[in-house]
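Novice: Dropping the sequence and predicted coords here.
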Amino acid sequence: MIKHVGKHNDRKIIIVYREVPTEPHMALVVYSDVLPGPVHDPVMKVLENEGQQQKSLADAFHRATLPDGRNMLGALHSEGWLKKVQTNQIAVLANQTSNVRLDELNKIINEMESGDDARKRLEELDASRGLQTRSRDVGEPATAPSQVPAGGALSDADIANNLLEQAKMMEANAKSMLEESKRLKAEAKDMMPKKKTAPKATGVKKATTAKTKTTA
C-alpha cells in the first residue's frame with residue numbers, strides 16, 4: 001500500500017505533513033482531485049517513488065520540481081493547494097480494507113521514536129509480521145489479520161495498526177488484573193482476625209455506690 005495517502009470526508013488526500021510543527025493536532029494535505037494535470041501527474045510520480053522512502057512527504061516534494069521549473073512544495077503552497085486539516089478527521093489507508101486515524105498514528109510513531117523500548121517493539125513487529133490489524137473507518141473494529149506488503153516492508157499505517165491491537169490487548173489484561181486485585185483484597189479483609197472490643201461499662205457499679213451512700 002502506498003504511504004502518505006488517506007481520506008478526509010471521503011475525499012482522497014495526499015498527506016504532505018503529518019503534523020504542523022506549531023499545531024500537532026493539524027496536518028497539511030493536498031486534495032489530489034483538484035490538481036490540474038500538469039501538476040497532478042508529477043506530484044503523484046514523486047509520491048509513488050521518492051516519497052515512499054521519506055518519513056515526511058514534504059521532504060521529497062521539497063527536492064522535486066514541476067515541469068515548468070518551479071519547486072514542487074513551493075508551488076503547492078503558493079497556489080493554495082496545501083490545506084490544513086485536523087488529524088483526528090483523517091483516515092490513513094493501511095491497505096484496501098483497513099485504515100487508522102492520523103492522530104493515533106502520529107502518537108504511536110512519536111512514541112516509537114522516543115527510546116530503546118520503541119525500537120524493540122518495532123523489531124518485534126518486523127519479525128512477526130502478521131498480527132491483527134484494526135480496520136478503522138474512524139472507529140470500526142477489524143477482524144482480518146494484517147497483510148505484509150509485496151515489497152516485504154511494513155508501512156507506518158501497518159505498524160500503527162499492529163501496535164493499536166497490542167495496546168488493546170494490554171488494556172484488557174490490565175482490567176482483568178485490576179479486578180483480580182480487588183477480589184484478593186476483599187478476600188484478605190474477610191480473613192483478617194476481628195479485633196475484640198472491650199465491653200461497655202454498665203451503670204450497675206454507680207448505682208450500687210449511690211445506694212450505699214444513701215443507706216449510710
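Specialist: The structure has been received and is ready for your questions.
Novice: going forward, measure contacts and count neighbours with C-alpha atoms only.
Specialist: Noted.
Novice: got any ranges where the protein has weak pLDDT?
Specialist: For the chain, applying pLDDT under 70 flags the ranges 94-96, 115-163, 165-174, 194-216.
Novice: got the domain boundaries for it?
Specialist: The chain breaks down into these domains under automatic domain parsing: 1-93, 95-190.
Novice: host element of residue 2?
Specialist: Under DSSP states H and E, no helix or strand contains residue 2.
Novice: Let me know whether it touches residue 52 as I believe.
Specialist: Yes - here residue 2 reaches residue 52: they are 7.2 Å apart, a contact under CA atoms under 8 Å.
Novice: And what about residue 27, helix, strand or coil?
Specialist: strand (DSSP: H, G, I helix; E, B strand; the rest coil).
Novice: my guess is it meets residue 19, correct?
Specialist: Yes - in this structure, residue 27 is within contact of residue 19 by CA under 8 Å, at 4.7 Å.
Novice: Next, show the common contact partners of those two.
Specialist: Jointly contacting residue 27 and residue 19 under the rule CA atoms under 8 Å, 6 or more residues apart in numbering are residue 87.
Novice: which one of those two has more residues nearby?
Specialist: Legend: neighbour count by other CA atoms under 10 Å for residue 27 and residue 19, higher for residue 27 (24 against 21).
Novice: Which positions are bridged to that one in the beta structure?
Specialist: Under the criterion DSSP bridges, residue 27 forms beta bridges with residue 85.
Novice: Can you name the residues that contact it?
Specialist: Listed by CA under 8 Å, 6+ apart, the contact set of residue 27 reads 15, 16, 17, 18, 19, 20, 84, 85, 86, 87.
Novice: and if we set it to 7 Å?
Specialist: Counting by CA atoms under 7 Å, 6 or more residues apart in numbering, residue 27 touches 17, 18, 19, 20, 84, 85, 86, 87.
Novice: For those, work out which two are farthest apart.
Specialist: Largest separation among the contacts of residue 27 by CA to CA: 17 and 86, giving 11.6 Å.
Novice: if you count what's nearby, which of those two comes out ahead?
Specialist: Neighbours per residue, other CA under 10 Å: of residue 17 and residue 86, the larger number sits with residue 17, 20 against 17.
Novice: Report the contact partners of the more buried one.
Specialist: Counting by CA under 7 Å, 6+ apart, residue 17 touches 27, 28, 29, 56, 57, 58.
Novice: With respect to residue 65, which of those residues is nearest?
Specialist: Closest approach to residue 65 among those (CA to CA): residue 58, at 12.5 Å.
Novice: The closest one belongs to a helix, doesn't it?
Specialist: Yes - according to three-state DSSP, residue 58 belongs to a helix.
Novice: what separates the residue lying closest to it once chain neighbours are set aside from residue 5, distance-wise?
Specialist: Leaving aside its sequence neighbours, residue 58 sits nearest to residue 16 (CA to CA, 6 or more residues apart in numbering; 5.1 Å). Here residue 16 is placed at a distance of 9 Å from residue 5 (CA to CA, to the nearest Å).
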